[in-house]
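sharing a sequence plus its predicted fold:
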Amino acid sequence: MLKIRLKRLGAKKQPSYRIVVINSTSKREGHPIQELGHYNPKTKVMKFDKASALDWISKGAQPTERVQYLIKHCNDDGSLNYVKKEEVKLSKKALAKKQAEEEAAKAEEAPAQAE
């Protein structure tokens, strides 16, 4: 069975991956049938041949979960369509303070609306 998966390259704590078509029984760094592109998760840089990947999938190759995500979020030119999350994470103390301020604001509005 053929798989489309990531082949890890790079130094320790500096990962970069090649997206490859490979036999499922081969090693992770084994000899691939075809290289479809590369992906760097640290810089979110990707170069990918999406048409070739879809062709391999139509022939029966199974993409891994991560590769499915990359195919889904890939532009037509092969770059990654990455959207950075705008959510700000607050500490427990800051979150409690924010909720207390919101409750105080609601308490001030309630008497004003009752009049």
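The structure has been received and is ready for your questions.

beta-bridge partners for the closest residue to residue 59 other than its chain neighbours, please?
Once flanking residues are discounted, residue 59 sits nearest to residue 2: 7.7 Å by CB to CB, 6 or more residues apart in numbering. Yep, even glycine has a C-beta here, placed from its N, CA and C like the rest. Beta-bridge partners for residue 2, by DSSP bridges, are residue 23.

quick one: contacts for residue 2?
Residue 2 sits next to 21-24, 33, 56, 59-62 when contact means CB atoms under 8 Å, 6 or more residues apart in numbering.

from residue 67, how far off is residue 36?
Distance, residue 36 to residue 67, by CB to CB, to the nearest Å: 9 Å.

how about the helices in the protein?
50-58, 65-72, 92-114 (DSSP state H).

what's the closest of these to residue 15?
The closest of those to residue 15 is helix 65-72. By CB to CB, the value is 12.0 Å.

and the angle for the closest one with helix 50-58?
Using axes from the mean of the first three to the mean of the last three CA atoms, to 10 degrees, the direction of helix 65-72 lies 130 degrees away from that of helix 50-58.

tell me how many other residues crowd residue 33.
Residue 33 sits with 14 neighbouring residues when counted by other CB atoms under 10 Å.

going forward, count from 62.
Done: numbering now begins at 62, and the last item shifts to residue 94.

pretty sure it sits against residue 68.
No. Residue 94 is not in contact with residue 68 according to CB atoms under 8 Å; the separation is 11.7 Å.

what is in contact with these two at once?
Common neighbours of residue 94 and residue 68 (criterion: CB under 8 Å, 6+ apart): 81, 83.

can you read off the pLDDT for the residue nearest to residue 120?
pLDDT recorded at residue 63 is 92.

for the one 10 residues further on, same thing?
The per-residue pLDDT reported for residue 73 equals 93.

just the CA trace of stretch 164-172, in PDB.
Extracted C-alpha coordinates of stretch 164-172, given in PDB (Å, rounded to 0.1, in the frame of the first residue of the first chain):
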ATOM      1  CA  GLU A 164     -20.200  41.300  36.000                       C
ATOM      2  CA  ALA A 165     -19.800  44.800  37.600                       C
ATOM      3  CA  ALA A 166     -20.600  46.400  34.300                       C
ATOM      4  CA  LYS A 167     -23.800  44.300  34.000                       C
ATOM      5  CA  ALA A 168     -24.800  45.200  37.600                       C
ATOM      6  CA  GLU A 169     -24.500  48.900  36.800                       C
ATOM      7  CA  GLU A 170     -26.600  48.600  33.600                       C
ATOM      8  CA  ALA A 171     -29.400  46.600  35.300                       C
ATOM      9  CA  PRO A 172     -30.600  49.500  37.600                       C
END
